[in-house]
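Novice: okay, sequence plus prediction incoming.
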Amino acid sequence: MDPKIGRLVGPISPPGTTASVLCTAGMTADPALRIRTIDARPVLVPMRRPLRTSTGAVEQAPLLLIDLHTEAGVTGLSYLFGLQPFTLAPLRSLVESLAEPIAGAELAPLEIERSLRSRLALLGAHNLAGMALSGIDMAAWDALARAHGMPLVTLLGGRPGRVAAYNSNGLGIMPPAEAAAEAVELVAEGFGAVKVRLGRASAVDDLAAVRAVREAIGPDVVLMSDFNQYLSVAAALERGRMLDGEGLAWIEEPVRADDLAGCARVTAALRTPVQIGENFSGPFQMRESLVMGASDLVMPDLQRIGGVSGWLRAAALAHGFGVEMSSHLFPEYSAHLLAATPTRHWLEYVDWAAPVLREPLAVEDGHVVVPDRPGAGLEWDEAAVARFRA
Ligand code: SMN
Ligand code: MG
């Protein structure tokens, strides 16, 4: 088979063979733009505002920092968010195991993603394994953008600019007066939108929190809400109707994320838009969700949707279905990607990785500024990395 055609339109080899095939197929590429090694370093980063959700607390940010080194000396950076510290060791091992056979491969992110996905076909590219794939994919795109001296958004055909963002730090499950005070602080950090976590044992307590926050921030600040899958479908119908007159921008994950039929029933019954997506495992699951009308809005998570490659497919799906798409966590990468997303909606801003970054994201007038420097714009603060090393 002509290797050039093979590279573009069809499988260049049976699933399972990876680096050697990618190498021969890439003979025309700059020989230095090949993957040398991939390092993964776990850190436990303190959070300025620990977050209590209805289904679990996040007290510190367990991050896996990924460095993809090329023969050319260009290094691509990404990170994964493990949710709980115990995930860091298996995540690291998964990244290192997936990285081994792509040493020497041409820096062509879609080809790398395809070979990783074929290696994971029997296991399933979900959860931690899918996250490891996503982290490598992101670092490969970052390295490619850096090698071309372009911001990631520019490599994708867009341009750096500003993306509307809501402040999603804090505002966990807490008494209404505390939530109101914290919401005011979050707005004062430069945002015109914030998200309140819901899912208290009693519905009236949720309503009291929403009303206290609204009273404190005033009518013009956009207010999102997130149940983190806390409710049954029956309870979501009841609590959703109770909240329908409160002017919420969306009600997020009211029921189990994998109960797409239940999500669809809630979506059909409520006037407030229903938002889901942080638990979509890859674009195919997102497609199922869109076909079923499981939500009004979508917000894929970069490490579950399949990295930059997965995000691009998700963005095309959202465009095709005419659905607004927001991001979940990973604001540094998501800024570039939303700027290249036809139905872009809101960027979820959290500052959880900021302590290990040399230059955290800038926020201006309710918007995140897409960094106008090569790649996604991440640089590790090595002293901080050493301090928080897990
Ligand atoms: C969330 C997800 C993961 C960790 C903490 C909080 C939440 C969100 O669902 O959407 O921000
Ligand atoms: Mg959420």
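Specialist: Okay, I see it. Ligands and ions are numbered 1, 2, ... in the order given.

Novice: what sits against the residue of the chain found nearest ligand 2?
Specialist: In the chain, no residue comes nearer to ligand 2 than residue 226, which is 4.3 Å away by Cβ to the ion. (Each C-beta comes from the backbone N, C-alpha and C, glycine too.) Contact analysis of residue 226 by Cβ atoms under 8 Å, 6 or more residues apart in numbering lists 53, 195-198, 252-253.

Novice: and the gap between residue 178 and residue 185?
Specialist: 11 Å (Cβ to Cβ, to the nearest Å).

Novice: likewise residue 345?
Specialist: Relative to residue 185, and taking Cβ to Cβ, residue 345 is found at 24 Å.

Novice: compare these two (neighbour count), which wins?
Specialist: Neighbours per residue, other Cβ atoms under 10 Å: of residue 345 and residue 185, the larger number sits with residue 345, 20 against 14.

Novice: residue 81 and residue 60 touch, don't they?
Specialist: No - under the criterion of Cβ atoms under 8 Å, residue 81 is not in contact with residue 60, lying 11.3 Å apart.

Novice: settle it for me: which of those two has more neighbours?
Specialist: Between residue 81 and residue 60, counted using other Cβ under 10 Å, residue 81 has the larger neighbour count: 23 against 16.

Novice: for the stretch 201-350 of the chain, which residues are neighbours of ligand 1?
Specialist: Near ligand 1, the residues belonging to the stretch 201-350 of the chain are 226, 228, 278, 328, 348 when assessed by Cβ under 6 Å from any ligand atom.

Novice: from those, which land in helices?
Specialist: Using DSSP state H, no member of these falls in helices.

Novice: okay, strands next: where are they in the stretch 201-350 of the chain?
Specialist: 222-226, 250-252, 274-276, 297-298, 347-349 (DSSP state E, counting those that start in this stretch).

Novice: quick one: average pLDDT of stretch 81-91?
Specialist: Per-residue pLDDT over stretch 81-91 has a mean of 98.

Novice: and the strand or helix carrying residue 132, what other elements does it pack with?
Specialist: Per DSSP states H and E, residue 132 falls inside helix 127-147. Contacts defined by 3 or more Cβ pairs under 8 Å, 6 or more residues apart in numbering; DSSP states H and E place helix 127-147 against strand 35-53, strand 56-70, strand 75-81, helix 88-99, helix 109-119, helix 152-155, helix 302-305, helix 307-321.

Novice: and the ones you listed as JSON lines, adding distance to residue 204?
Specialist: Shown next, in JSON lines, are these (distance: least, Cβ to Cβ, whole Å):
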{"stretch": "strand 35-53", "distance to residue 204": "19"}
{"stretch": "strand 56-70", "distance to residue 204": "23"}
{"stretch": "strand 75-81", "distance to residue 204": "33"}
{"stretch": "helix 88-99", "distance to residue 204": "39"}
{"stretch": "helix 109-119", "distance to residue 204": "47"}
{"stretch": "helix 152-155", "distance to residue 204": "45"}
{"stretch": "helix 302-305", "distance to residue 204": "34"}
{"stretch": "helix 307-321", "distance to residue 204": "35"}
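
Novice: tell me the most buried of those?
Specialist: Of all the helices and strands packed on helix 127-147, helix 302-305 has the most neighbours on average by mean count of other Cβ atoms under 10 Å, namely a mean of 28.

Novice: returning to that earlier point: what's the closest of the strands of the stretch 201-350 of the chain to residue 158?
Specialist: Minimum separation from residue 158 across the strands of the stretch 201-350 of the chain (Cβ to Cβ) falls at strand 347-349, 14.0 Å.

Novice: and for residue 183, the neighbour number?
Specialist: 25.

Novice: quick one: what helix or strand has it in it?
Specialist: Applying DSSP H and E, one finds residue 183 within helix 176-188.

Novice: so for that helix, what gets flagged as buried?
Specialist: By neighbour count with 16 or more other Cβ atoms under 10 Å, helix 176-188 contains the buried residues 176, 179-180, 182-183, 186-187.

Novice: got the angle for the helix or strand that it is followed by vs strand 35-53?
Specialist: Counting by DSSP H and E, the element after helix 176-188 in chain order, helix or strand, is strand 193-197. Angle between the axes of strand 193-197 and strand 35-53 is 70 degrees (criterion: axes from the mean of the first three to the mean of the last three Cα atoms, to 10 degrees).

Novice: could I get the average pLDDT for strand 193-197?
Specialist: Rounded mean pLDDT across strand 193-197 is 98.

Novice: angle of that strand against strand 222-226?
Specialist: Strand 193-197 runs at 30 degrees relative to strand 222-226, counting by the same axes, to 10 degrees.

Novice: return the list of helices and strands in contact with strand 193-197.
Specialist: strand 35-53, strand 162-167, helix 176-188, helix 203-217, strand 222-226.

Novice: now do it and strand 162-167, the angle between them.
Specialist: 30 degrees.

Novice: anything in strand 193-197 near ligand 2?
Specialist: No - Strand 193-197 is not in contact with ligand 2 by Cβ under 5 Å from the ion; minimum separation 7.9 Å.

Novice: for residue 275, see how far away the nearest residue to residue 356 once chain neighbours are set aside is.
Specialist: Nearest non-adjacent residue to residue 356, counting by Cβ to Cβ, 6 or more residues apart in numbering: residue 384, 4.8 Å away. Using Cβ to Cβ, residue 384 is found at 33 Å from residue 275.

Novice: settle it for me: which of those two has more neighbours?
Specialist: Just comparing residue 384 and residue 275: by other Cβ under 10 Å the higher neighbour count belongs to residue 275, 28 against 16.

Novice: who's that one bridged to?
Specialist: residue 252, residue 297 (DSSP bridges).

Novice: what distance do you get for it to residue 264?
Specialist: 14 Å.

Novice: same deal with residue 206?
Specialist: Using Cβ to Cβ, residue 206 is found at 22 Å from residue 264.

Novice: more neighbours: these two, which one.
Specialist: Between residue 206 and residue 264, residue 206 has the larger neighbour count (other Cβ under 10 Å), namely 26 against 18.

Novice: so how far is residue 332 from that one?
Specialist: Between residue 206 and residue 332 the distance is 32 Å, computed by Cβ to Cβ.
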